[in-house]
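>>> I'd like to go over a predicted model; first the sequence, then the structure.
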Amino acid sequence: MLLSSEDHHRIEQAVEAAEATTRGEIVCVVTDEAAHYAEVPLAWAAASALLLPLVALAVAGLAGRFDYAFGGWAAGHVEAIHAAVLTALTSYALVQVILFIGVFVIVSIPQVRRRLTPTPHKRAQVRARALEQFYARGLDKTRERTAVLIFVSLHDRRAEVLADSGISDKVDASAWTDVIADLVAGIRAGKPGDGFAAAIERCGRHLAVHFPAGPDNPNELPDTLVEAPRI
């Protein structure tokens, strides 16, 4: 379980309280990480294997050692030069293989990989996963198209708020900035339950302005926190 049972209970209560004031629906989803990011170690390993040997050769050339490494071009010994070239190429290929494997293994360590994953890539993956959850949980099928998804990827340290068309037509996207800020603040403080509760309360206030609760106010979507596995 990503969050404690107490956090789950508190979030469910917060959703119930918020939805009592509005015809909108709020769904909360949390995942440990938006994706496996298998491409990140591969990219770092390939880049290192291709670029680092070239850097080493450039440094060696600047230091005046290039000629020495190949036995001296002025010596005129063709066979010796060919052997030196073959040795150099073999060493170059071996260095590339070692670098690729070494960097791949190191960057595959989750803590290292998370630090080396570019922020724009994380942002795109979290956004894509939030959209996937939005449709998978049926937020696009409410009666008035008034559902909001609050999505958090814990290890990515990112959150998304997605609103259906009935809400986005009336509520400016900037209104969700404070919702995300409340959520992220709680998570960074090590209190995800507090962060979710504050975000849900603020989200409910936004919805109540444009979609206040009426006599016909069915609960169309589950109020419980969804823990989505990494894909």
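The structure has been received and is ready for your questions. Residues are numbered from 1 along each chain as shown.
>>> tell me the centre residue of the protein?
A centroid search over the chain (CA atoms, centre = their mean) returns residue 122, at 3.2 Å, as the residue closest to the centre.
>>> quick one, what contacts the residue nearest to that one when sequence neighbours are not counted?
Using CB to CB, 6 or more residues apart in numbering and skipping the chain neighbours, the partner closest in space to residue 122 is residue 156 (4.9 Å). Every residue, glycine included, has its C-beta placed from N, CA and C. Taking CB atoms under 8 Å, 6 or more residues apart in numbering as the criterion, residue 156 is in contact with 33-34, 114, 122, 125-126.
>>> does residue 156 sit in a helix, a strand or a coil?
The three-state assignment at residue 156 reads coil, by DSSP: H, G, I helix; E, B strand; the rest coil.
>>> How about residue 150?
strand.
>>> Quick check: the closest residue to it other than its chain neighbours vs residue 117, distance?
In this structure, residue 150 finds its nearest non-sequential neighbour in residue 28, 4.8 Å apart by CB to CB, 6+ apart. Separation of residue 28 from residue 117 (CB to CB, to the nearest Å): 24 Å.
>>> Neighbour count: these two, which is higher?
Between residue 28 and residue 117, counting by other CB atoms under 10 Å, residue 28 is the more crowded of the two (26 against 22).
>>> Just the element for the more buried one, please.
strand 25-31 (DSSP states H and E).
>>> got a list of contacts for that strand?
2-3, 11, 15, 18-19, 129-130, 133, 137, 139, 142, 146-154, 192, 196, 200, 203-204, 207, 219-223, 225-230.
>>> got the domain boundaries for the chain?
5-35+118-227, 39-116 (automatic domain parsing).
>>> highest average neighbour count across these?
domain 5-35+118-227 (a mean of 18; mean count of other CB atoms under 10 Å).
>>> re the thing from before, pLDDT at the residue nearest to residue 122, what is it?
According to the prediction, residue 156 has pLDDT 91.
>>> The one 3 residues further on now?
Reported pLDDT at residue 159 in the predicted model: 93.
>>> try the one 10 residues further on
Confidence at residue 169, expressed as pLDDT, is 82.
>>> Please apply the same query to residue 65.
Confidence score, pLDDT, at residue 65: 47.
>>> The protein: strands as residue ranges?
Using DSSP state E, the strands found in the chain span residues 25-31, 147-153, 158-163, 226-227.
>>> ok, the last one: who's next to it in the sheet?
For strand 226-227, the pairing partners within the sheet under DSSP bridges are strand 25-31 (parallel).
>>> The partner strand to strand 147-153, inter-axis angle?
20 degrees (axes from the mean of the first three to the mean of the last three CA atoms, to 10 degrees).
>>> Please compute how far strand 25-31 lies from its chain's middle.
Its chain's C-alpha centre and that of strand 25-31 lie 17 Å apart, by CA atoms, centre = their mean, to the nearest Å.
>>> Stretch 137-149 now?
That offset, for stretch 137-149, works out to 24 Å (CA atoms, centre = their mean).
>>> and it, how far apart are its ends?
Terminal residues of stretch 137-149 lie 9 Å apart, using CA to CA, to the nearest Å.
>>> what's in contact with it?
With CB under 8 Å, 6+ apart as the criterion, stretch 137-149 contacts 22-29, 130, 133-134, 160-167, 203, 207, 211, 218, 220-221, 226.
>>> Now render the contacts of residue 156 as a markdown table, adding distance to residue 188 and pLDDT.
Formatted as a markdown table, these follow (distance: CB to CB, whole Å; pLDDT from 0 to 100):
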| residue | distance to residue 188 | pLDDT |
| --- | --- | --- |
| 33 | 17 | 94 |
| 34 | 18 | 92 |
| 114 | 15 | 92 |
| 122 | 16 | 94 |
| 125 | 20 | 95 |
| 126 | 16 | 95 |
